[in-house]
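Q: just a sequence and a predicted model for now, questions to come.
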Amino acid sequence: QMKIRVLPAIITSLLTSNRYNNDWISRALGKITSNKEALRICFWGVSYVENTDTLRRSEIYVLMRKLVEENAVVSYVENVPIKDGIDSRITCIDNMEKSLEAIDILVVTKKLTKFSDMREVVKLIQSEKLWVLDPSRILLAENSAISKSPRYLTVGKGV
């Protein structure tokens with residue numbers, strides 16, 4: 001009987017912790033700007049699980065749709081083509097370099113494995129004047145110099 005009482009408490013605390021961690025991107029966006037109107041945001045990775053073609057259980061996609069409702073201009077790059085129907089207001093871009101053109105914020109949710117030279121892409125990001133939200137420190141693992149940028153935010157740095 002002791003296990004029955006403890007287990008729901010553990011599950012509840014894990015769900016609360018997961019929700020808080022998943023909301024980090026939303027909180028970071030809110031600190032950058034409160035006005036999402038015409039804000040140009042690109043997400044690297046939108047599926048729930050890496051290298052899958054579905055949006056089922058993707059909280060990132062839920063956030064993307066919310067941003068579109070707030071009149072943000074939203075695009076994404078993904079490892080594999082998404083088979084689910086994506087909101088027609090959200091644009092798929094098949095090239096990392098191209099995805100950086102004319103955006104205000106880059107959100108990195110997973111490593112994009114179909115592209116070879118991430119170090120060069122990180123250098124390009126550093127030369128641009130854009131905000132980078134990298135909650136899992138994916139770009140930091142590719143090039144530690146990016147952490148010096150005041151516009152590079154990760155969990156524990158800046159938000």
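A: That came in fine, so what should we check first? Keep in mind that what you see is a predicted model, and the values were worked out from it rather than measured. Numbering: from 1, shown residues only.
Q: can you verify residue 43 is assigned to a strand?
A: Yes: applying DSSP: H, G, I helix; E, B strand; the rest coil, one finds residue 43 inside a strand.
Q: residues contacting it?
A: 60, 64, 74-77, 107, 109 (Cβ atoms under 8 Å, 6 or more residues apart in numbering). Any C-beta I mention is one placed from the backbone N, CA and C, and that applies to glycine too.
Q: so which of those residues sit within strands?
A: 74-77, 107 (DSSP state E).
Q: Throw those into TSV and include pLDDT and distance to residue 138, thanks.
A: Below are these laid out as TSV (pLDDT from 0 to 100; distance: Cβ to Cβ, whole Å):
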residue	pLDDT	distance to residue 138
74	96	19
75	96	18
76	94	15
77	92	13
107	94	11
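Q: and the furthest pair within the residues you listed?
A: Using Cβ to Cβ, the pair of the ones in strands among the contacts of residue 43 lying farthest apart is 74 and 77, separated by 12.0 Å.
Q: now list whatever residues contact both of these two.
A: By the contact definition Cβ under 8 Å, 6+ apart, residue 74 and residue 77 are jointly contacted by 42-43.
Q: can you put the ones in strands among the contacts of residue 43 in CSV and add neighbour count and distance to residue 9?
A: Formatted as CSV, those follow (neighbours: other Cβ atoms under 10 Å; distance: Cβ to Cβ, whole Å):
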residue, neighbour count, distance to residue 9
74, 24, 38
75, 18, 41
76, 23, 37
77, 22, 40
107, 26, 33
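Q: looking at those residues, which is nearest residue 91?
A: residue 75 (4.2 Å).
Q: isn't that closest one right up against residue 44?
A: No: counting by Cβ atoms under 8 Å, residue 44 is not a contact partner of residue 75; they are 10.1 Å apart.
Q: what is in contact with those two at once?
A: Common neighbours of residue 75 and residue 44 (Cβ under 8 Å, 6+ apart) are residue 99.
Q: which residues of the protein score low on pLDDT?
A: Confidence mapping of the chain against pLDDT under 70 gives the ranges 1-7, 14-15, 17-22, 114-117, 127-128, 157-159.
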